[in-house]
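**Student:** make a model of this:
(one chain, ligands or ions: 2)
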Amino acid sequence: MPRMKRKKGDHFNLLCDIGELAGLLAGSDNIEQFLQQTVVMVARHLDAPVGSIYLYEEATRHLVLRATVGLNPAAVGKVRLSIGEGLVGKTMERKRHLREGRASGNPHFKFFEEADEARFESFLAVPLIRGDQNIGVLVVQHEQEDYFDEVDAMALRATASQLAGSVENARLMFHFQRMGSTTPVAEATDRLGLIKGESGAAGFALAPIAVFKSGHGPLLAYRPDTEFASTLAGFRKAVDNTHQQLKTLQARLAQRLPESAALIFEAHFMILKDARFVARMAEKIESGLSPPEAVRSVARYYMDLFSSSSSAYLREKTHDIEDLARRILRNLRQIGTDDTDLCSGRIVIARELFPSDVLKLASEDVRGIILVSGGVTSHVAILSRSLQIPLVIADRPDLLDLPDNTPVLVDADMGNIYVNPDREVKKRFQARETAKKRAAETTGPPPDETRTADGLRVHLMANINLLGELVLARRLRADGVGLYRTEFPFLVRSTFPSEEEQMPIYRRLIEEMAGQVVTIRTLDIGGEKNLPYLDSTVEANPELGLRSIRFSLRYGDIFAQQLRAILRAGAGAAQLRIMFPMISSIDELRQARQAVAEAAASLAVDGLEHNPTPKLGMMVELPAVLDIIDDFAAEVDFFSIGTNDFIQYMLAVDRCNKTVADYYRPYHPAVLRGIDRVVRAARCAGKEVAVCGEMGHMPVFITFLIGIGLTRFSVDPQFIPQVRRHLAALDTAMAAAFAAALLKETSLSAMKEILNTHPEACHDPNP
Ligand code: PEP
Ligand code: MG
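**Tutor:** Ligands and ions are numbered 1, 2, ... in the order given. A predicted model of the protein is given here:
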């Protein structure tokens with residue numbers, strides 16, 4: 001088998017463990033301890049007696065030995081090299097790994113007596129780099145000549161790419177901790193400092209905060225020293241201004257969130273129109289209460305009323321009332337009354353948010369979100385990702401005590417929150433952002449087609465959650481849309497959207513991807529994705545309940561409206577596809593197909609233009625379909641494997657439950673063989689098959705999938721460049737051998753062993 005080699009090292013576990021470095025980081029008291037644990041781990045996995053890390057010191061431009069196992073510990077902090085000096089300095093200068101079978105014979109070799117390294121002949125070093133920033137050098141050594149090979153080098157490079165980020169973060173964290181209590185800031189800030197959370201949506205933001213203090217949305221409390229309008233006329237003007245500002249926000253939102261712009265402030269407008277709401281406030285003002293007191297008192301009354309309602313929909317409206325009251329109060333202020341965006345340019349800290357809140361915040365150009373309790377739903381995270389709003393979830397209610405406007409840095413890539421960061425922390429993060437931007441600029445335009453290194457054409461499509469993501473998908477030259485999740489337009493509404501409301505959304509999707517494949521998945525609600533207006537769906541075991549296609553088939557009229565809307569939107573579109581989620585039996589598939597036929601027939605009767613013959617496909621998400629997959633293949637036009645749910649149901653592991661995350665194993669033999677089974681069935685029947693779950697953007701599984709003959713992927717648009725890069729470096733013969741090796745094995749440990757001996761399959765060529 002090409003490039004396969006049994007190895008004494010433990011590469012896969014090394015990669016896994018390095019991936020866990022964030023945890024290791026949290027358990028370390030200082031950077032020295034963190035680095036020491038790291039070198040011990042690297043040396044152990046590579047079976048090397050020596051492992052060392054040199055860090056680059058910006059001030060002196062030296063590489064300094066900061067941690068070692070195997071060399072004399074007394075040399076730590078003492079061995080210093082400039083760039084280009086010795087083999088370590090050479091590695092940094094070349095920005096490439098350096099492997100030497102007999103180090104003492106290399107003209108650049110430099111002997112450090114204090115390090116006691118003369119007896120180690122085999123030398124392997126990789127640079128730690130972030131963008132154009134030098135972080136340091138990671139080295140392993142061995143007494144035996146020619147001990148390390150290219151496979152080790154590859155594994156160490158993959159390790160270094162992850163390590164560089166962690167080291168950079170460790171430096172920041174520990175720097176920050178050192179600064180800690182000496183910074184003269186408010187008491188709450190002092191106590192908080194650096195907080196470890198969990199990343200919900202990647203990115204980085206540095207901005208003043210806006211705290212949403214109450215259990216729900218924005219705060220009602222206002223600083224008593226603010227001067228407010230004191231007359232009824234002033235109050236009415238504030239209400240008019242609020243109305244006007246909401247219109248402006250809505251118009252702005254229309255560009256970013258066309259499918260839901262008209263709805264985000266729907267409740268606000270309704271409440272404003274409700275004679276009782278404004279009239280009650282006016283009455284209170286007439287009877288002597290000050291306008292701000294009147295607003296607060298009436299808003300509080302409605303909030304209490306709604307929050308005690310048994311209807312989830314009404315409870316959610318508590319946010320809208322609070323938000324509206326806050327806007328009126330803001331407009332009652334005597335100065336700065338044209339302040340439309342309450343959260344513009346801020347990081348919002350809240351106890352919990354609903355998806356519609358996230359959409360609202362997006363309209364205000366919020367920079368980041370921190371949620372302080374576990375109230376996060378996958379929707380909030382998915383939406384934040386789609387909207388590119390960095391999100392960190394931290395179980396720290398004390399963050400709510402921070403004064404508004406406290407500067408905070410959110411590093412959502414790592415899940416870190418820096419309260420009141422000092423100059424050094426800010427500088428480093430800004431440098432990181434600049435490097436990221438520069439790297440993006442130098443990437444150049446994407447190729448017209450995606451191919452592997454040996455020329456295999458791969459279709460790389462986009463998963464779309466919000467129409468706003470289409471711009472990126474087009475810019476990155478996605479080969480159409482492999483999955484459009486229709487849930488989101490349903491989520492922001494107060495009731496099921498009608499056919500007329502849905503149609504323009506689907507039409508816009510199809511128009512924006514004109515001439516390309518557009519795959520619209522029918523409603524996949526239930527389980528974790530709950531509609532607030534559907535109280536009746538509260539179930540003991542929602543993931544196994546009335547979700548997805550089961551819901552659509554149970555509520556035929558809702559399904560019919562959606563199908564009619566899709567067919568109408570797709571009139572004249574040659575590449576329209578409709579995809580059914582969570583199919584478990586041929587009968588279900590037939591019922592769903594029948595519903596499409598009936599929708600088309602009813603449109604014909606109504607004389608409405610539509611697409612009578614879209615391609616019809618199903619998602620493969622349940623293990624139940626595997627044994628009858630050939631029968632499905634005979635009936636569908638295409639398959640799309642939803643690996644997120646496929647793994648969840650195959651292994652009986654809740655995909656959102658952190659306590660069983662260890663059991664969620666994409667490399668489980670049953671998962672990989674199941675996927676292979678589906679791909680073979682599709683190929684045999686001449687039907688298309690794609691993968692649209694998260695496995696589709698993970699390097700090692702891309703290699704596996706190409707290896708079993710899959711050539712269609714659908715991934716979130718932001719992952720397209722990295723998937724394309726991985727594919728461009730991939731050799732299909734290597735991928736096939738890798739896949740064949742995996743498919744032969746039966747145990748988890750054997751699977752790991754295969755992954756371990758093939759770092760070339762796992763490696764991200766351009767991290
Ligand atoms: C999946 O299950 O892999 C999938 C793509 O669907 P969703 O993540 O929307 O459940
Ligand atoms: Mg799914």
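**Student:** okay, now the domains of this protein?
**Tutor:** Domain segmentation of the chain under automatic domain parsing yields 10-180, 224-332, 444-763.
**Student:** which residue does the stretch 651-767 of the chain bring closest to ligand 2?
**Tutor:** Closest to ligand 2 within the stretch 651-767 of the chain is residue 693: 7.0 Å, counting by CB to the ion. For the C-beta atoms, the positions are set from N, CA and C on the backbone; glycine is no exception.
**Student:** re the thing from before, got TSV for the domains of the chain, with mean neighbour count too?
**Tutor:** Listed next are the domains of the chain as TSV, based on neighbours: other CB atoms under 10 Å:
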stretch	mean neighbour count
domain 10-180	19
domain 224-332	18
domain 444-763	19
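**Student:** tell me the mean pLDDT for the strand or helix carrying residue 725?
**Tutor:** Element membership for residue 725 (DSSP states H and E) is helix 720-728. The pLDDT scores in helix 720-728 average 94.
**Student:** against which helices or strands is that helix packed?
**Tutor:** strand 450-451, strand 457-464, helix 699-707 (3 or more CB pairs under 8 Å, 6 or more residues apart in numbering; DSSP states H and E).
**Student:** the nearest residue to residue 369 once chain neighbours are set aside: neighbouring residues, count only.
**Tutor:** Once flanking residues are discounted, residue 369 sits nearest to residue 391: 4.7 Å by CB to CB, 6 or more residues apart in numbering. Residues lying near residue 391 (other CB atoms under 10 Å) number 29.
**Student:** any regions of the stretch 101-250 of the chain where pLDDT drops low?
**Tutor:** Within the stretch 101-250 of the chain, the segments meeting pLDDT under 70 span 117-118, 131-132, 169-192, 213-227.
**Student:** ok so, going back, tell me the confidence at the residue nearest to residue 369?
**Tutor:** pLDDT, residue 391: 92.
**Student:** quick check: the residue lying farthest from the centre of the chain vs ligand 2, distance?
**Tutor:** Distance from the C-alpha centroid of the chain peaks at residue 287, with 52.2 Å (CA atoms, centre = their mean). Using CB to the ion, to the nearest Å, residue 287 is found at 56 Å from ligand 2.
**Student:** next up, phi/psi of that residue, please.
**Tutor:** Phi and psi for residue 287, reported as degrees, to the nearest 10, are phi -90, psi 10.
**Student:** quick check, pLDDT for it.
**Tutor:** Each residue has a pLDDT score; the one for residue 287 is 93.
**Student:** ok, it to residue 159 distance?
**Tutor:** Distance from residue 287 to residue 159, counting by CB to CB, to the nearest Å: 71 Å.
**Student:** same check, this time on residue 241
**Tutor:** Relative to residue 159, and taking CB to CB, residue 241 is found at 57 Å.
**Student:** thinking again about what came up before, hmm, the residue nearest to residue 369 is touching residue 362, no?
**Tutor:** No: with contact defined as CB atoms under 8 Å, residue 391 and residue 362 do not form a contacting pair (11.6 Å).
**Student:** might you enumerate the residues of this protein proximal to ligand 2?
**Tutor:** Counting by CB under 5 Å from the ion, the chain comes close to ligand 2 at 642, 645.
**Student:** tell me, what residue is most central in the chain?
**Tutor:** residue 201 (4.2 Å).
**Student:** tell me how far that residue lies from ligand 1.
**Tutor:** As judged by CB to the nearest ligand atom, to the nearest Å, residue 201 and ligand 1 stand 15 Å apart.
**Student:** now do residue 314
**Tutor:** Distance, residue 314 to ligand 1, using CB to the nearest ligand atom: 27 Å.
**Student:** in three-state terms, label the residue nearest to that residue when sequence neighbours are not counted for me.
**Tutor:** Distance criterion CB to CB, 6+ apart; nearest residue to residue 314, sequence neighbours excluded, is residue 306 at 5.0 Å. What DSSP: H, G, I helix; E, B strand; the rest coil gives for residue 306 is helix.
**Student:** equivalent analysis for the one 4 residues further on, please.
**Tutor:** Following three-state DSSP, the label given to residue 310 is coil.
**Student:** could you do residue 408 as well?
**Tutor:** Going by three-state DSSP: residue 408 is strand.
**Student:** enumerate every residue touching it.
**Tutor:** Contact partners of residue 408, counting by CB atoms under 8 Å, 6 or more residues apart in numbering, are 206-209, 347, 349, 370, 402, 417-421.
**Student:** next, format the residues you listed as JSON lines and append secondary structure.
**Tutor:** Shown next, in JSON lines, are the contacts of residue 408 (three-state DSSP):
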{"residue": "206", "secondary structure": "strand"}
{"residue": "207", "secondary structure": "strand"}
{"residue": "208", "secondary structure": "strand"}
{"residue": "209", "secondary structure": "strand"}
{"residue": "347", "secondary structure": "strand"}
{"residue": "349", "secondary structure": "strand"}
{"residue": "370", "secondary structure": "strand"}
{"residue": "402", "secondary structure": "coil"}
{"residue": "417", "secondary structure": "strand"}
{"residue": "418", "secondary structure": "strand"}
{"residue": "419", "secondary structure": "strand"}
{"residue": "420", "secondary structure": "coil"}
{"residue": "421", "secondary structure": "coil"}
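**Student:** return the member of those nearest to ligand 2.
**Tutor:** Ranked by distance to ligand 2 (CB to the ion), those are led by residue 370 at 27.8 Å.
**Student:** need the contact list for the closest one.
**Tutor:** Counted by CB under 8 Å, 6+ apart, residue 370 has contacts 197, 209, 347-350, 391-394, 399, 408, 410, 417.
**Student:** do you know how far residue 199 is from ligand 2?
**Tutor:** Where ligand 2 is concerned, residue 199 sits at a distance of 21 Å (CB to the ion).
**Student:** burial of that residue, as a residue count?
**Tutor:** Here the count is done by other CB under 10 Å, and residue 199 has 19 residues near it.
**Student:** any idea what it is bridged to?
**Tutor:** residue 392 (DSSP bridges).
**Student:** please report the distance of residue 667 from residue 696.
**Tutor:** For residue 667 relative to residue 696 (CB to CB), the value is 15 Å.
**Student:** SS state for residue 610?
**Tutor:** Residue 610 ends up coil, using three-state DSSP.
**Student:** now residue 108: phi and psi?
**Tutor:** When read as degrees, to the nearest 10, the backbone of residue 108 gives phi -90, psi -10.
**Student:** which SSE is the residue nearest to it when sequence neighbours are not counted in?
**Tutor:** With sequence-adjacent residues excluded and distances taken as CB to CB, 6+ apart, residue 108 is closest to residue 90, at 5.0 Å. Per DSSP H and E: residue 90 is located in helix 86-94.
**Student:** now the strands: where do they sit in the stretch 151-300 of the chain?
**Tutor:** Counting by DSSP state E, counting those that start in this stretch, the stretch 151-300 of the chain has strands at residues 194-196, 198-201, 204-212.
**Student:** let's have those in CSV, adding distance to residue 314.
**Tutor:** Shown next, in CSV, are these (distance: least, CB to CB, whole Å):
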stretch, distance to residue 314
strand 194-196, 34
strand 198-201, 27
strand 204-212, 19
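**Student:** so which of these is nearest residue 381?
**Tutor:** Evaluated over those, closeness to residue 381 peaks at strand 198-201, with 4.1 Å, by CB to CB.
**Student:** for the residue of the stretch 401-550 of the chain found nearest ligand 2, which non-adjacent residue is closest in space?
**Tutor:** Using CB to the ion, the single residue of the stretch 401-550 of the chain nearest to ligand 2 is residue 524, 6.3 Å away. Nearest residue to residue 524, sequence neighbours excluded (CB to CB, 6+ apart): residue 581, at 4.3 Å.
**Student:** give me the element residue 761 is part of.
**Tutor:** Counting by DSSP H and E, residue 761 is found in helix 759-762.
**Student:** I'd like the average pLDDT over that helix.
**Tutor:** The model assigns helix 759-762 a mean pLDDT of 70.
**Student:** what pLDDT is listed against the closest residue in space to residue 726 that isn't next to it in sequence?
**Tutor:** In this structure, residue 726 finds its nearest non-sequential neighbour in residue 699, 4.9 Å apart by CB to CB, 6+ apart. Looking at residue 699, its pLDDT is 92.
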